[in-house]
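# Got a predicted structure here, sequence first:
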Amino acid sequence: MSIAALLIVGGLFGFLPVLGFWMLPLGFLILAVDSPTVRRMNRRITVAVKRWWNGNKRDASQAR
């Protein structure tokens, strides 16, 4: 969990040349693997986005 925390903190200083905003998503991904609570939340969000995405694709294909 310490690597994830360091990446998230480093991502907050993304305006600096060496550190970058790319560190935030990577830190959250590593945190999602480590923490059961975050893993559950990540799964719920992934399922919701996938349902939304599939629903929009279905609506777009019916509009044609």
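Looks like it arrived, so ask away.
# mean confidence score for the helix or strand containing T46?
In the assignment (DSSP states H and E), T46 maps to helix 36-63. For helix 36-63, mean pLDDT is 82.
# now that helix, how far from the chain's geometric center?
Relative to the centre of its chain, helix 36-63 is centred 13 Å away, using C-alpha atoms, centre = their mean, to the nearest Å.
# Nearest spatial neighbour of L6, chain-adjacent residues omitted?
In space, and not counting its chain neighbours, L6 is closest to G27: 7.5 Å by C-beta to C-beta, 6 or more residues apart in numbering. Backbone N, C-alpha and C define where each C-beta goes, glycine included.
# what sits against that neighbour?
By C-beta atoms under 8 Å, 6 or more residues apart in numbering, the contact set of G27 is 3-8, 10-11.
# now the most centrally placed residue in the chain: how far from R58?
Centroid-nearest residue in the chain: P25, 5.6 Å away (criterion: C-alpha atoms, centre = their mean). The spacing between P25 and R58, counted by C-beta to C-beta, to the nearest Å, is 28 Å.
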